[in-house]
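*Asks:* Requesting a structural model of the entry that follows:
(one chain, ligands or ions: 1)
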Amino acid sequence: MTGANASSIVLGSSSPRRLQLLRQVLIEPSSIEVPDVDESVWRNEQPRRYAERMARAKLSAIQQRCPSADYILAADTVVACGRRILGKAETELEARASLQLLSGRRHRVYGGVAVASGERSVSRVVITQVGIRRLSDADIDFYIDSGEWRGKAGGYAIQGLAAAFVAMIAGSYTNVVGLPLVETLQLLGGLGWARSQVNL
Ligand SMILES: Cc1cn([C@H]2C[C@H](O)[C@@H](COP(=O)(O)OP(=O)(O)OP(=O)(O)O)O2)c(=O)[nH]c1=O
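*Replies:* Take a look at the predicted model:
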């Protein structure tokens, strides 16, 4: 038991979005650990299974590193068009190809979340449907120039300029940004985590 919260949470993620989302609901992780896992997709692996496998792999990497943590949280965000998984865009070419594929279509964002407390761990996948309006070449050029696509699953970030591309969303918005808050809090609550001071 440490700090203001009765139970401390180790965030197993390098994603600034995930930290920001937790802070938005007044959860301050006691520490941040960067998971280092092999993120390659298995042959014929479906997006849902991949998202859950990655979240669990990140969790267990951090569990080994922090055996005495009260709670550990890890997550993975996967963007898929049908069964096709679109990875994190690392080059302009990848981002452009991804945006061209998503243009004028609906796709799904699979958010894997995994939480552990001691020996117990739970995980789930939250699915959000996102519809991107038809993108012109000028839209895509503009977005590529912004650089906001870098390191983002599917080559876009809904919390930034790409909000202007999103025509519809069905399901959790925070899931698309990187961490489905309602479901994450449910998982934590299921393992006994409780806020000590704030009753959100
Ligand atoms: C679709 C989408 C993804 N993203 C981001 C969230 C994640 O950071 C990233 C997906 O990559 P992840 O592999 O889920 O996470 P990460 O590599 O950034 O961090 P870590 O493995 O250390 O936890 O894409 C957005 O920020 N906005 C969006 O709209």
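*Asks:* Would you mind naming what in the chain lies close to the ligand?
*Replies:* Proximity of the chain to the ligand is confined to 13-15, 17, 34-35, 58, 76-77, 79, 88, 109, 151-154, 156-159, 176-178 under the rule C-beta under 6 Å from any ligand atom. Heads up, the C-betas are built off the backbone N, CA and C, glycines and all.
*Asks:* Can you pull up the most central residue in the protein?
*Replies:* Centroid-nearest residue in the chain, with C-alpha atoms, centre = their mean: Gly178, separated by 2.8 Å.
*Asks:* Contact partners for that one?
*Replies:* 15, 17-18, 21, 75, 77, 111 (C-beta atoms under 8 Å, 6 or more residues apart in numbering).
*Asks:* Restricted to helices, list these.
*Replies:* Under the assignment DSSP state H, the contacts of Gly178 contribute 17-18, 21 to helices.
*Asks:* Top of those residues by number of neighbours, please.
*Replies:* The member of the ones in helices among the contacts of Gly178 surrounded by the most neighbours (other C-beta atoms under 10 Å) is Arg18, with 24 neighbours in all.
*Asks:* Just the mean pLDDT for stretch 121-130, thanks.
*Replies:* In this model, stretch 121-130 carries a mean pLDDT of 98.
*Asks:* I'd like to check what contacts it. Which residues are they?
*Replies:* 48, 51-52, 55-56, 59, 63, 106-116, 158, 166, 168-173, 175-176, 180, 183, 187, 190-191.
*Asks:* can you check stretch 28-48 too?
*Replies:* Here stretch 28-48 makes contact (C-beta under 8 Å, 6+ apart) with 2-5, 8-14, 19, 22, 50, 53-54, 57-59, 61-62, 65-66, 69-70, 73-74, 78, 80, 83, 85, 87, 108, 110, 125, 127.
*Asks:* for this structure, what spans make up the strands?
*Replies:* 9-11, 31-32, 71-81, 84-86, 106-117, 120-132, 166-170 (DSSP state E).
*Asks:* Check the spacing between Ala157 and Ala61 real quick.
*Replies:* 25 Å (C-beta to C-beta, to the nearest Å).
*Asks:* Near Ala164, how many other residues are there?
*Replies:* When neighbours are counted by other C-beta under 10 Å, Ala164 registers 11.
*Asks:* Same check on Gly189?
*Replies:* Per other C-beta under 10 Å, the neighbour tally for Gly189 reads 12.
*Asks:* where's it relative to Leu102, distance?
*Replies:* According to C-beta to C-beta, Gly189 stands 34 Å off from Leu102.
*Asks:* before we move on, back to that, output the strands of the chain in TSV, with mean neighbour count appended to each entry.
*Replies:* Output for the strands of the chain, formatted as TSV (neighbours: other C-beta atoms under 10 Å):
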stretch	mean neighbour count
strand 9-11	22
strand 31-32	14
strand 71-81	26
strand 84-86	17
strand 106-117	24
strand 120-132	18
strand 166-170	13
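*Asks:* Alright, I will stop here.
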